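**Student:** Generate coordinates for the sequence data below:
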Amino acid sequence: MHEFKVWAPRPKKVAVQVQGIVHAMQGPDERGWWSVVVESAKPGDAYGFLIDNDPQPYPDPRSQRQPHGVHGLSHIYDQRAFAWGDGRWQGPPLTGAVIYELHIGTFTQEGTFDSAMERLDYLAELGITHVEVMPVAAYAGDRGWGYDGVALFAVTENYGGPDALKRFVNACHSKGLAVILDVVYNHFGPVGNYTGKFAPYVTAIHCTPWGDAINFEGPGSDEVRRFFCDNALMWLRDFHIDGLRLDAVHEFMDRSAVHFMEQLSAEVDVASATHNRRMVLIAESDLNDPKVVRPREAGGYGMDAQWSDDFHHALFTLLHPEKGKGYYEDFGSFEKLVKALSEVFVYDGAYSRYRRRHHGRPVAGLWAHHFIGFIQNHDQVGNRATGDRLEHIVGFERAKVAAGIVLTAPFLPMLFQGEEYAASTPFQYFADHEDPEMAKAVSAGRKKEFAAFGWDERAIPDPEDRATFHRSKLRWEELEQGRHGEMLDWFKRLIQLRRSSNALNDGELQHIAVRYDADGCWLVMDRGEVRVLANLGAQTVAFEVPQGYRLVLSSRAKVEIVGKKTYLPPDTLAVLSVEAVEN
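**Tutor:** Next comes the predicted model:
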């Protein structure tokens, strides 16, 4: 027996076809819902909804299984059938997190959840606490980043389907790793989205970079909000996911008295209490508005953390100036990096040349642990013309300095897959649009976009070419080879230091003091009993060593304390400490 339900205020008549047999549905009720109980229906049965006189059965907007792709029939999926082994799992606190972002399709050559499980011991040994998985909701085609999902309740079969995701999460928990899942609630993908045939999931009143906005505030928005909140709760409850990363929340067009993020955070808090397990929400936002992560009780939206783009941009443009290139135009000085380290938002009400307006507001009274810092992620690598990584751009030694700053900064650090061993492989933008005209348009648009920056179109990878996808897969055989092994050892030591240091786990921004010399291109960051020295200049710099401090780490060999000074060659980072830290 199974009850079929669908929100469909638009059609006059709805039926469900189950295993080829049509069953009329009752409705709509006052909210636009249709339903019917089919006694013979069971898990694994194929079904689709028939709308008015259209003979084509359409997949369920809330389908939990699409074994034949997003255009095929939905299948009944029993969420209770999986045998979990993580009954006592609580997970590490987000405030002490070291996050590792990965894309299942390129993390291993096989590109599946099951093959990714083979690398979990490696991540645990590295010192990772949270694995952040790029979107896995079903999308059209057999490869992509995942941000064009259309069947949001179904796990893409490209990676193994829903049971494989559960095996992956179960295995992560057995290794002490929490799992954060990237979800996309700001738009549906352009291919395979049939929700518009049922109800007003999107609205033309607002526009996003991907088309019409999600209907969070107009007629029918109660049910749309319910759709996305139920989706979030499904991942957390049924898949035992520990947290969600919400993509581009600045594209949530919502003027309601209770913003969607506030509603979602309240419901997730209730779910955390009900299931006796901490569940977290992380936002990607370019609003530079602390309201996103401020507690609901203080008038905020209640997100637990958000990505810190200003920190990335400020650090990257010191390592590799990119004047005149989009948002990087607003950065490029030591002053901006120091402000990011000590005040989080560089643009906290200041005038932005890139935006041609004032942007943001100050962060006041919030810990740095509400913000996630990084020097690489899928966007900052994959949205470059050729998907080149930091080490490819700035060189090996500067990449080591960048890692040192990220992992000693006050923010929660995040690594992007392969960064920790200076992977030789790029991470390029790839997609598989089934519509030939759309595929052609995407390829042409990509070339045109970067040709405007002076790139030769022939050098820009074609996103629709399968080779672009395969080129982006990590090569694990290079892990211990030469400089790859050296970088891996550097990351391990940095992570071990961070996780064992009281000072580096203190998120109080008032406990941070940073000084710098723009002409000499160096900075000193004091975090309690830990001092971080970084020299990005062309000359060796002598730094004073306070009494009692010892050299804990250095990015180059043969750096040592001589008398009361330590001498750092160009592109070198060192960490001094008076803490009782064993490393």
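
**Student:** can we go C-alpha only for contacts and neighbour counts from here?
**Tutor:** OK.

**Student:** so which helix or strand takes in the closest residue to residue 255 other than its chain neighbours?
**Tutor:** Using Cα to Cα, 6 or more residues apart in numbering and skipping residues adjacent in sequence, the residue nearest residue 255 is residue 217, 6.5 Å away. Residue 217 is part of no helix or strand when elements are defined by DSSP states H and E.

**Student:** Contacts only, for residue 217.
**Tutor:** Applying Cα atoms under 8 Å, 6 or more residues apart in numbering, one finds that residue 217 lies in contact with 253, 254, 255, 256.

**Student:** For the second one, which three-state class applies?
**Tutor:** Which is residue 254. Secondary structure state of residue 254, per DSSP: H, G, I helix; E, B strand; the rest coil, is coil.

**Student:** Correct me if wrong: it contacts residue 221.
**Tutor:** No. Assessed by Cα atoms under 8 Å, residue 254 is found out of contact with residue 221, at 9.9 Å.

**Student:** Flag the shaky bits of the protein, pLDDT-wise.
**Tutor:** Judged against pLDDT under 70, the low-scoring parts of the chain cover residues 322-324, 451-454, 580-583.

**Student:** Most distant residue from the centre of it?
**Tutor:** Distance to the chain centre peaks in the chain at residue 563, reaching 45.3 Å (criterion: Cα atoms, centre = their mean).

**Student:** Let's verify residue 441: helix, strand, or coil?
**Tutor:** Secondary structure assignment for residue 441 (three-state DSSP): helix.

**Student:** what about it, distance to residue 190?
**Tutor:** Counting by Cα to Cα, to the nearest Å, the separation of residue 441 from residue 190 is 13 Å.

**Student:** Same check on residue 37?
**Tutor:** In this structure, residue 37 and residue 190 are separated by 32 Å, where distance is defined by Cα to Cα.

**Student:** related to what we said a few turns ago, how much space separates the residue farthest from the centre of the chain from residue 280?
**Tutor:** Counting by Cα to Cα, the separation of residue 563 from residue 280 is 48 Å.

**Student:** rewinding a little: I'd like to know how far the residue farthest from the centre of the chain sits from residue 553.
**Tutor:** Going from residue 563 to residue 553 by Cα to Cα gives 18 Å.

**Student:** One more: residue 109?
**Tutor:** Counting by Cα to Cα, the separation of residue 109 from residue 553 is 34 Å.

**Student:** Between which two of the contacts of residue 217 is the distance greatest?
**Tutor:** The most widely separated members of the contacts of residue 217 are 253 and 256, with 9.3 Å between them, by Cα to Cα.

**Student:** Compare neighbour counts for the two and give me the winner.
**Tutor:** Each of residue 253 and residue 256 has its neighbours counted (other Cα atoms under 10 Å); residue 253 has more, 20 against 11.

**Student:** Run through the residues that contact residue 509.
**Tutor:** Going by Cα under 8 Å, 6+ apart, residue 509 touches 342, 343, 367, 368, 410.

**Student:** do that again at 10 Å, thanks
**Tutor:** Contacts for residue 509 were tallied using Cα atoms under 10 Å, 6 or more residues apart in numbering; they are 341-344, 363-369, 410-411, 527.

**Student:** Could you check how far it is from residue 333?
**Tutor:** Counting by Cα to Cα, the gap between residue 509 and residue 333 amounts to 21 Å.

**Student:** which residues do residue 253 and residue 256 both contact?
**Tutor:** Shared contacts of residue 253 and residue 256, counting by Cα under 10 Å, 6+ apart, come down to 216, 217.

**Student:** phi, psi of residue 401?
**Tutor:** Phi and psi for residue 401, reported as degrees, to the nearest 10, are phi -60, psi -40.

**Student:** ok, and the closest non-adjacent residue to it?
**Tutor:** Using Cα to Cα, 6+ apart and skipping the chain neighbours, the partner closest in space to residue 401 is residue 573 (5.3 Å).

**Student:** Specify the beta-bridge partners of that neighbour.
**Tutor:** According to DSSP bridges, the partner residues bridging residue 573 are residue 534.

**Student:** Quickly note the distance from it to residue 341.
**Tutor:** 16 Å.

**Student:** I'd assumed residue 402 was in contact with residue 315.
**Tutor:** Yes. With contacts counted by Cα atoms under 10 Å, residue 315 reaches residue 402, the gap being 7.5 Å.

**Student:** Give the helix, strand or coil label for residue 385.
**Tutor:** Taking three-state DSSP, the label given to residue 385 is coil.

**Student:** ugh, wrong one, I meant residue 28
**Tutor:** State at residue 28, reduced to three classes by three-state DSSP: coil.

**Student:** Could you check what's spatially nearest to it, not counting adjacent residues?
**Tutor:** With sequence-adjacent residues excluded and distances taken as Cα to Cα, 6+ apart, residue 28 is closest to residue 34, at 5.0 Å.

**Student:** Now the one you found, what are its backbone angles?
**Tutor:** The phi and psi torsions at residue 34 (degrees, to the nearest 10) take the values phi -120, psi 150.

**Student:** Just list whatever residues bridge to it.
**Tutor:** Going by DSSP bridges, residue 34 forms beta bridges with residue 6.

**Student:** Burial check on it, number of neighbours?
**Tutor:** Residue 34 - counted by other Cα under 10 Å - has 21 other residues nearby.
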